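# Quick one, what's the 3D model for this:
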Amino acid sequence: MFLFWLVLVIMFFQHCMAQSRDELPQDMPEDFKVDFFHDSGMMRQCRKAFISKDSCFFSFKVGKNEEKFNFEISETELGNLYSAFRKNKFSQIKENREREVYDRGGTIIKIMWKDKVLTKDNSGMTFIKESWKINFFNVYEAIKSLVKNKLKDKINWD
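Next comes the predicted model:
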């Protein structure tokens with residue numbers, strides 16, 4: 001009987017630990033926001049996007065010239081984007097830092113809600129670990145797809 005209770009307690013703690021690793025709530029927070037930044041290094045090009053239920057924009061900068069486009073999204077579209085973050089375990093994506101990286105642009109994705117901020121950086125000397133690259137890429141593509149769909153005739157993301 002003791003062994004039964006011991007196994008049950010261990011299973012309970014394992015379940016709790018697995019739940020605590022994912023910092024994203026099951027349901028999308030009311031104030032969920034996405035901040036996206038992609039820099040091309042020495043090419044002096046960057047893309048920025050901000051997405052929330054109240055305000056969205058995409059900007060593209062080449063040298064000193066910048067274009068900015070505002071757009072709106074539905075609650076469903078924002079919920080689908082949030083689902084992409086959860087499905088790809090965004091909070092669990094691991095990074096590592098390298099030494100002596102000279103000119104590397106890259107992508108930084110940050111999500112925010114309440115007093116929480118989760119940032120994943122794949123730029124400069126910070127790299128997404130190999131086993132998490134597909135997850136990071138999937139989130140990147142979800143953001144890209146949403147923005148391209150909203151601004152079809154106005155931007156060329158590629």
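
# okay, how far is it across stretch 96-112, tip to tip?
Using Cα to Cα, to the nearest Å, the end-to-end distance of stretch 96-112 comes to 22 Å.

# So which bits of it are buried?
By 16 or more other Cβ atoms under 10 Å, the buried positions in stretch 96-112 come out as 104, 105, 106, 107, 108, 109, 111, 112. (Glycine included, C-beta is placed from N, CA and C.)

# How about the contacts made by the fifth one?
In this structure, residue 108 makes contact with 36, 37, 38, 119, 120, 121, 122, 123, judged by Cβ atoms under 8 Å, 6 or more residues apart in numbering.

# List buried members of those by neighbour count.
Buried by 16+ other Cβ under 10 Å: 36, 37, 38, 120, 121, 122, 123, out of the contacts of residue 108.

# Now do the SS call for the fifth one.
Three-state secondary structure (criterion: DSSP: H, G, I helix; E, B strand; the rest coil) places residue 121 in strand.

# What does the pLDDT read for the closest residue to it other than its chain neighbours?
Excluding its sequence neighbours, the residue lying closest to residue 121 (Cβ to Cβ, 6 or more residues apart in numbering) is residue 108, at 4.9 Å. Looking at residue 108, its pLDDT stands at 97.

# Okay, now the sheet partners of the host helix or strand of residue 108, with direction.
Element membership for residue 108, per DSSP states H and E: strand 106-113. With DSSP bridges as the test, strand 106-113 is paired with strand 33-39 (antiparallel), strand 116-123 (antiparallel).

# can you redo those as JSON lines with mean pLDDT and distance to residue 138?
Shown next, in JSON lines, are these (pLDDT from 0 to 100; distance: least, Cβ to Cβ, whole Å):
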{"stretch": "strand 33-39", "mean pLDDT": "96", "distance to residue 138": "14"}
{"stretch": "strand 116-123", "mean pLDDT": "96", "distance to residue 138": "12"}
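
# Out of those strands, which is closest to residue 143?
strand 33-39 (5.3 Å; Cβ to Cβ).

# and whichever helix or strand comes after the closest one, what does it pack onto?
Once the chain leaves strand 33-39, the next helix or strand it forms, by DSSP H and E, is strand 45-52. Applying 3 or more Cβ pairs under 8 Å, 6 or more residues apart in numbering; DSSP states H and E, one finds that strand 45-52 contacts strand 33-39, strand 56-62, helix 75-87, helix 133-150.
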